[in-house]
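K.L.:
only geometry, no sequence info:
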């Protein structure tokens with residue numbers, strides 16, 4: 001990734017930063033790692049009117065590529081005027097007073113570095129996805145830092161497909177002030193690498209506990225807590241959740257049209273066709289000794305990636321008690337769908353617009369809902385489930401059996 005300060009940042013970098021809302025917090029561990037990719041936050045800003053000032057200055061630094069010295073000189077007077085500077089005794093969220101470090105030169109350096117590196121990592125990831133058809137591999141490159149970390153050096157030369165799950169946890173930066181890089185390469189260059197470099201290094205997960213909050217995170221060896229995510233992938237995964245919340249308030253016709261546009265996107269195709277290779281063995285192929293695969297943390301996170309696929313009518317949402325009116329498809333459910341119903345095509349998903357707006361029957365099956373509709377090319381059933389987080393997920397989509405169509409509630 002290039003860090004040179006010239007011109008303005010690419011559109012992908014700006015888009016990533018602008019899609020992150022501001023969040024006040026007391027400690028940086030108040031938010032899970034993936035939440036830092038979705039929201040701009042600075043620890044110990046709760047109770048101070050500075051988060052928007054920090055956000056605006058950081059956006060300017062990211063978009064206009066301003067040097068740290070300018071970022072620092074323009075921001076310090078504002079923070080000092082509002083009392084967010086130096087050490088102060090303040091009341092924390094638990095009601096107890098403690099002496100804490102508010103603004104400081106060191107903290108401004110951390111804010112500047114972390115946000116610029118994360119935004120550029122997400123922007124590079126977006127461009128990588130756009131060019132992976134002819135440059136399908138990523139190669140881990142040596143750090144530019146003077147002092148290089150032993151674990152990071154061991155990853156140098158690792159060459160894996162762009163969509164390999166390892167990049168979900170190991171796409172740089174992989175720690176505070178990490179200056180590791182990746183290079184996107186083609187088949188020929190990748191083929192020249194020795195076999196051991198074309199295998200994902202082990203994750204070696206360790207448990208890390210924040211002593212103040214008691215939170216426990218699972219972090220791969222060699223990665224600093226809080227940096228075990230890929231900002232670009234996180235943005236892809238959670239964009240569907242944000243869209244679900246926002247689009248649910250749109251008029252029904254607009255909702256359906258917007259969902260149809262999502263199905264034309266590259267992320268939808270990648271999820272439905274399981275380009276990342278999320279493991280799933282169809283039931284018809286499972287023997288008596290079958291055991292579900294033991295997935296590593298990277299692949300588990302891949303399975304949680306979601307894409308919007310359809311919109312519910314107001315009537316159906318009310319009937320099934322859906323908190324939102326946009327239906328999401330996770331990578332794990334997409335892999336199951338492809339394995340169990342390989343005959344369903346990308347074009348077949350367009351039926352969802354009719355089935356979920358004007359269903360013939362709705363059947364409640366222990367918390368899941370079968371929505372059935374007769375169409376010119378046959379009878380179809382959509383199985384929906386509502387998660388504890390209030391998401392409406394597409395659990396299954398297939399042609400209905402005749403007995404399913406004949407029975408059930410209207």
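P.N.:
That came in fine, so what should we check first? In this text the structure is predicted, and so the values were computed from the model without any measurement.
K.L.:
tell me the contacts of residue 284?
P.N.:
Contacts here follow Cβ atoms under 8 Å, 6 or more residues apart in numbering; on that basis residue 284 touches nothing. Yep, even glycine has a C-beta here, placed from its N, CA and C like the rest.
K.L.:
That one should be in a helix, yeah?
P.N.:
Yes. Inclusion of residue 284 in a helix is indicated when DSSP: H, G, I helix; E, B strand; the rest coil is applied.
K.L.:
where's residue 268, which helix or strand?
P.N.:
Secondary structure assigned from DSSP states H and E places residue 268 in helix 266-272.
K.L.:
Which elements pack onto that helix?
P.N.:
Packed against helix 266-272, as judged by 3 or more Cβ pairs under 8 Å, 6 or more residues apart in numbering; DSSP states H and E, are the following elements: strand 306-311, helix 331-340.
K.L.:
Of all those, which one comes closest to residue 372?
P.N.:
Evaluated with Cβ to Cβ, the helices and strands packed on helix 266-272 place strand 306-311 nearest to residue 372, the distance being 14.9 Å.
K.L.:
Could you list the paired strands of the closest one along with their orientation?
P.N.:
Paired strands of strand 306-311, with direction, are strand 326-330 (antiparallel) (DSSP bridges).
K.L.:
which residues make contact with the partner strand from outside it?
P.N.:
Residues lying outside strand 326-330 but in contact with it, judged by Cβ under 8 Å, 6+ apart, are 240-241, 243-244, 247-248, 255, 259, 271-272, 303-312, 337, 352, 356, 384, 391-394.
K.L.:
Helix 331-340 and that one, what's the angle between them?
P.N.:
Orientation note: strand 326-330 sits at an angle of 70 degrees relative to helix 331-340 (axes from the mean of the first three to the mean of the last three Cα atoms, to 10 degrees).
K.L.:
what about strand 326-330, distance to the chain center?
P.N.:
Centroid separation for strand 326-330 versus its chain: 14 Å, with Cα atoms, centre = their mean, to the nearest Å.
K.L.:
What residues sit buried inside that strand?
P.N.:
By neighbour count with 16 or more other Cβ atoms under 10 Å, strand 326-330 contains the buried residues 326-330.
K.L.:
closest to residue 52 among the residues you listed?
P.N.:
Using Cβ to Cβ, the shortest approach to residue 52 within these belongs to residue 326, at 29.2 Å.
K.L.:
what is the rounded mean pLDDT of stretch 354-369?
P.N.:
Average pLDDT, stretch 354-369: 90.
K.L.:
what ranges do the strands span in the stretch 101-250 of the chain?
P.N.:
In chain order, the stretch 101-250 of the chain shows strands spanning 137-141, 159-161, 181-185, 205-209, 216-220, with DSSP state E, counting those that start in this stretch as the criterion.
K.L.:
Can you give the contact residues for the last one?
P.N.:
When you say that, I think you mean strand 216-220. Contact with strand 216-220 is made by 32-33, 169-170, 203-210, 225-226, 228, 297, as judged by Cβ under 8 Å, 6+ apart.
K.L.:
what about the closest residue to residue 331 other than its chain neighbours, neighbour count?
P.N.:
Counting by Cβ to Cβ, 6 or more residues apart in numbering, the nearest residue to residue 331 once its immediate chain neighbours are dropped is residue 305, at 4.4 Å. Summarising burial for residue 305: neighbours were counted as other Cβ atoms under 10 Å, giving 23.
K.L.:
residues contacting the closest residue to residue 269 other than its chain neighbours?
P.N.:
The spatial neighbour of residue 269 that comes closest, neighbours along the chain excluded (Cβ to Cβ, 6+ apart), is residue 346 at 6.5 Å. Residues in contact with residue 346 (Cβ under 8 Å, 6+ apart) are 263, 269, 272-273.
K.L.:
Most neighbours of all these, which one?
P.N.:
The most neighbours of any of the contacts of residue 346, using other Cβ under 10 Å, belong to residue 272, which has 22 neighbours.
K.L.:
on that earlier part again, now what about the helix holding residue 268, what contacts it?
P.N.:
By Cβ under 8 Å, 6+ apart, the list of residues contacting helix 266-272 from outside reads 129, 163, 236, 262, 275-276, 305-307, 309, 329, 331, 334, 337-338, 346, 349.
K.L.:
make it 10 Å
P.N.:
In this structure, residues lying in contact with helix 266-272 by Cβ atoms under 10 Å, 6 or more residues apart in numbering are 129-130, 132, 163, 236-237, 239-240, 261-263, 265, 275-276, 278, 305-309, 328-331, 333-335, 337-338, 344-346, 349, 397.
K.L.:
Narrow these to those that are buried.
P.N.:
For the contacts of helix 266-272, a neighbour count by 16+ other Cβ under 10 Å gives the buried set as 129, 132, 163, 236-237, 239-240, 262-263, 275-276, 278, 305-309, 328-331, 333-335, 337-338, 344, 349, 397.
K.L.:
any idea which of the helices and strands packed on helix 266-272 scores lowest on pLDDT?
P.N.:
Mean pLDDT is lowest for strand 306-311 out of the helices and strands packed on helix 266-272, coming in at a mean of 88.
K.L.:
Tell me which helix or strand comes right after that strand.
P.N.:
Past strand 306-311, heading to the C-terminal end, the next element that is a helix or strand (DSSP H and E) is helix 314-320.
K.L.:
Pretty sure residue 315 sits against residue 357.
P.N.:
Yes. With the criterion set as Cβ atoms under 10 Å, residue 315 and residue 357 qualify as a contacting pair; they are 8.8 Å apart.
K.L.:
low-confidence ranges in this protein?
P.N.:
Scanning the chain for pLDDT under 70 picks out 1-8, 16, 19-47, 92-96, 212-213, 234-247, 296-298, 402-410.
K.L.:
Let me see the domain layout of it.
P.N.:
Listed domain ranges for the chain are 1-130, 132-225, 232-406 (source: automatic domain parsing).
K.L.:
how long is stretch 58-75 from one end to the other?
P.N.:
Start and end residues of stretch 58-75 are separated by 9 Å (Cα to Cα, to the nearest Å).
K.L.:
Report the distance from that stretch to the chain centre.
P.N.:
27 Å.
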